[in-house]
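**Student:** Could you work out the structure for the sequence below:
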Amino acid sequence: MTGGVQNIARIPELQRRILFTLGMLAIYRVGAHVATPGINPEVIKQFFEQMSGSVFGLFNLFSGGALEQLSILALGIMPYISATIIFQLLAVVIPSLEAIQKEGEQGRKKISQWSRYATIVLALVQGLLLAFALENGQFGQGAVIEPGWSFRLMTMLTLTTGTAFIMWLGEQITERGIGNGISLIIFAGIVVRIPSGLGQLVELIRTDQFTLLGALLLLAFMVFVVGFVVFFERGQRRIPIQHARRVVGRRVTQGGMSYFPLRVNTAGVIPPIFASSILMFPLTIGQFAHSPALQQFFQDYLYIGGWLYESIYVVLIIFFAFFYTAVVINPTDVAENIKRFGGFIPGIRPGKKTAEHIDHVLSRITLIGALYVAAVCVMPSVLSAQQGVPFYFGGTALLIVVGVALDTIGQIEAHLVSRQYEGFVKGTRVRGRLGR
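**Tutor:** Below you'll find the model as predicted:
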């Protein structure tokens with residue numbers, strides 16, 4: 001690890017990319033503290049202290065805390081993520097869009113451009129709805145200083161511009177920095193909360209509300225969980241593919257063995273995001289509703305940490321893990337591509353049998369990945385309810401942080417290895433091969 005860090009200093013281009021990335025993230029964090037004109041930040045802050053268990057808490061997580069301050073970047077990158085997911089799902093049901101997606105780089109650029117336009121439309125709609133909610137007192141009385149259409153239009157344009165600016169920052173980081181820009185922006189918004197969480201733990205130890213031994217055991221458990229997540233995020237099942245000898249003109253290409261990797265967690269963080277969104281909406285409606293019977297139902301049964309809520313949460317995560325994996329990987333297309341390039345899986349007939357074999361393997365490792373994601377996402381509620389942990393640890397935030405960190409380190413290593421420098425990890429990388 002130390003040698004890899006030292007080698008970074010020997011590559012000026014890599015240094016510039018890392019510094020550029022840090023500079024862009026710093027600009028993003030500064031913008032997250034610039035309040036939207038015409039609102040009372042103190043009223044908004046008090047509202048979010050009471051609404052941590054609503055859909056706003058999920059949006060606030062992805063905005064890096066900008067929503068609870070209602071800054072100019074309050075909508076965060078969620079409109080862009082939503083637009084990207086929408087186009088991915090539409091490509092499954094619209095053949096013409098699927099054909100464009102398969103055109104290679106040009107097709108991806110075209111869909112990416114449409115995703116940007118859709119992001120602006122979604123941001124405009126969300127900005128206007130947020131302005132109406134602010135005026136109607138949904139975020140607390142006195143949140144808006146001067147209500148009216150001037151405030152609504154100003155809020156809508158300000159928040160949409162903020163989302164467009166974040167999208168531009170992400171693209172600049174991807175192109176001129178290191179790592180995936182959008183992912184790093186979400187990563188930065190989550191990581192900045194770590195010091196405050198540790199500060200809360202220290203304060204509880206100082207006031208004898210949490211023992212020092214308990215804190216040390218908790219930190220050891222956190223390290224173990226991070227290692228557990230890293231193991232599964234790097235885990236993959238590699239399907240061997242044998243390539244036959246081919247004759248191209250007068251040249252004879254030798255056959256060889258390659259591998260088709262299937263990740264254990266192919267769907268990534270999409271399943272818990274979808275599951276959280278679906279569950280949080282009825283909770284939010286229950287909090288805003290004026291029906292005592294409805295509010296009592298949510299308080300008695302469907303509350304965060306309750307057995308009914310967590311059971312539905314786990315079922316939804318497993319469902320969306322299979323659903324999104326089916327969207328990303330089509331076994332029939334994979335089998336056709338293997339056959340087209342003259343390859344075959346040893347012991348499996350090409351065509352339909354190959355597709356069935358890939359589908360069988362994919363189903364098994366997807367189940368393992370779904371159970372792993374569900375366990376990580378349920379963990380924060382267990383730690384809070386059973387152990388009294390004073391801060392949020394685990395869930396979607398942990399999956400994002402670990403996944404983005406691994407991806408960024410992988411890109412830094414690629415730069416080092418391409419210039420014949422030793423990377424962070426020495427020797428052969430061991431990947432978990434689950435699902436055999």
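**Student:** which of the residues in stretch 26-41 are buried?
**Tutor:** 28, 29, 31, 32, 36, 38, 39, 40 (16 or more other Cβ atoms under 10 Å). C-beta here means a position set from N, CA and C on the backbone, and glycine is covered the same way.
**Student:** Same check on stretch 406-420?
**Tutor:** 407, 408, 409, 411, 412, 413, 415, 416.
**Student:** Kindly reformat the residues you listed as a markdown table containing distance to residue 320 and secondary structure.
**Tutor:** Formatted as a markdown table, these follow (distance: Cβ to Cβ, whole Å; DSSP: H, G, I helix; E, B strand; the rest coil):
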| residue | distance to residue 320 | secondary structure |
| --- | --- | --- |
| 407 | 21 | helix |
| 408 | 26 | helix |
| 409 | 28 | helix |
| 411 | 28 | helix |
| 412 | 31 | helix |
| 413 | 31 | helix |
| 415 | 35 | helix |
| 416 | 36 | helix |
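**Student:** quick one: which of the residues you listed is nearest residue 345?
**Tutor:** Nearest to residue 345, judged by Cβ to Cβ, of the buried residues of stretch 406-420 is residue 407 at 28.4 Å.
**Student:** That closest one: what's it in contact with?
**Tutor:** Taking Cβ atoms under 8 Å, 6 or more residues apart in numbering, we find residue 407 in contact with 179, 180, 183.
**Student:** Now flag whichever of the residues you listed is closest to residue 335.
**Tutor:** The closest of these, once distances to residue 335 are taken by Cβ to Cβ, is residue 180, at 29.4 Å.
**Student:** List the contacts of the residue nearest to the closest one when sequence neighbours are not counted.
**Tutor:** Spatial nearest neighbour of residue 180, chain neighbours left out: residue 174 (5.9 Å); criterion: Cβ to Cβ, 6 or more residues apart in numbering. Contact analysis of residue 174 by Cβ under 8 Å, 6+ apart lists 180, 181, 182.
**Student:** Assign residue 174 to helix, strand or coil.
**Tutor:** At residue 174 the chain is in helix, as set by DSSP: H, G, I helix; E, B strand; the rest coil.
**Student:** quick one: it from residue 312, how far?
**Tutor:** 36 Å (Cβ to Cβ, to the nearest Å).
**Student:** just residue 93 next, same as before
**Tutor:** Distance of residue 93 to residue 312, computed by Cβ to Cβ: 26 Å.
**Student:** More neighbours: which of those two?
**Tutor:** Ranked by neighbour count (other Cβ atoms under 10 Å), residue 93 and residue 312 place residue 312 first, with 15 against 8.
**Student:** next SSE after the helix or strand hosting the more buried one?
**Tutor:** In this assignment (DSSP states H and E), residue 312 forms part of helix 307-328. Following helix 307-328 in sequence order, the next helix or strand is helix 331-340 (DSSP H and E).
**Student:** what's the offset of that next one from the middle of its chain?
**Tutor:** 29 Å (Cα atoms, centre = their mean, to the nearest Å).
**Student:** Partner strands of the helix or strand just after it and their direction?
**Tutor:** Heading C-terminal from helix 331-340, the first helix or strand you meet, by DSSP H and E, is strand 343-344. Strand 343-344 has its sheet partners listed here by DSSP bridges as strand 236-243 (antiparallel).
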